[in-house]
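Enquirer: predicted structure and sequence below. I'll ask about it afterward.
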Amino acid sequence: MAERQPWTPGPPVPEFVARCGTGHRHRVRRWQTSLYTNHSVKLVTPAQTPGQKMVFVLGDSHLRAIVNRFVSMPQGSLSFGFLSVPGGAIADLWTEVMHAALPWTLDLVCVGAPSNNLTASRTVALQDLLRQEYRRVTARMGIPYVSMAEHLPVHRLELWCYDGVHLSDSDGMPVVVDLLWNAEVRQLAPPPPQPTVSHRHV
């Protein structure tokens, strides 16, 4: 016969904190599979309006909400085209761009990096290291680098959808849209006028 063992209560279990996002994201739509990279891909090329600057944004599945028109870019002096390659590496983006039929001359190209595959908790440290390296490399090349991570903290669950990897259409992607718009406006702003030098005659 089994001997009855005394029961001792264990320490209290800390309150569980959900890491899944609470924001809404639309259901994934099937896109055409590329012949060049074997990834699904979608290219959006809006009509050019006279007087508008043309900005082309490259990225992975984070751009789905914009490309599928669930989240809109602001209207104004800039017109945006998008190329989304879900699951694609930078080499895949480069390949797709080289084969893309763009109907207009670009004023600015924006590349989203790193991939959202690096936002999983096991690779947050790697993402931080890559972000620092991107900042150093772009500084050496004279290319502006804008970090969005500070504006999209993981503890703001409404900014993220249930998978905890993709931003929500409801709250997260509008932040990205504002950051994109403001960054491109600053980049394409005309340089300030040079100060005039007055010559004094003695």
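Expert: Good, I have the coordinates.
Enquirer: so which elements touch the least confident helix or strand in the chain by mean pLDDT?
Expert: Evaluated with mean pLDDT, DSSP states H and E, the helix-and-strand set of the chain has its lowest mean pLDDT in helix 124-141, which scores a mean of 79. Secondary structure elements in contact with helix 124-141, counted by 3 or more CB pairs under 8 Å, 6 or more residues apart in numbering; DSSP states H and E, are absent; no helix or strand qualifies. Backbone N, C-alpha and C define where each C-beta goes, glycine included.
Enquirer: now that helix: buried residues?
Expert: For helix 124-141, burial by neighbour count (16 or more other CB atoms under 10 Å) applies to Q127, R131, Y134.
Enquirer: any idea which of those is closest to L159?
Expert: Q127 (16.0 Å; CB to CB).
Enquirer: picking that back up, dump the next helix or strand after the least confident helix or strand of the chain to CSV, restricted to CA.
Expert: Per DSSP states H and E, the first helix or strand lying C-terminal to helix 124-141 is helix 172-188. Extracted C-alpha coordinates of helix 172-188, given in CSV (Å, rounded to 0.1, in the frame of the first residue of the first chain):
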residue,chain,number,x,y,z
GLY,A,172,1.0,49.0,-35.5
MET,A,173,1.0,49.7,-39.3
PRO,A,174,-0.4,53.2,-38.9
VAL,A,175,2.8,54.0,-36.9
VAL,A,176,4.9,52.6,-39.7
VAL,A,177,3.1,54.6,-42.3
ASP,A,178,3.7,57.9,-40.3
LEU,A,179,7.4,57.0,-39.8
LEU,A,180,7.8,56.2,-43.5
TRP,A,181,6.1,59.4,-44.6
ASN,A,182,8.1,61.7,-42.2
ALA,A,183,11.4,60.0,-43.0
GLU,A,184,10.9,60.4,-46.8
VAL,A,185,9.7,64.0,-46.5
ARG,A,186,12.9,64.9,-44.6
GLN,A,187,15.1,63.0,-47.0
LEU,A,188,13.5,64.7,-50.1
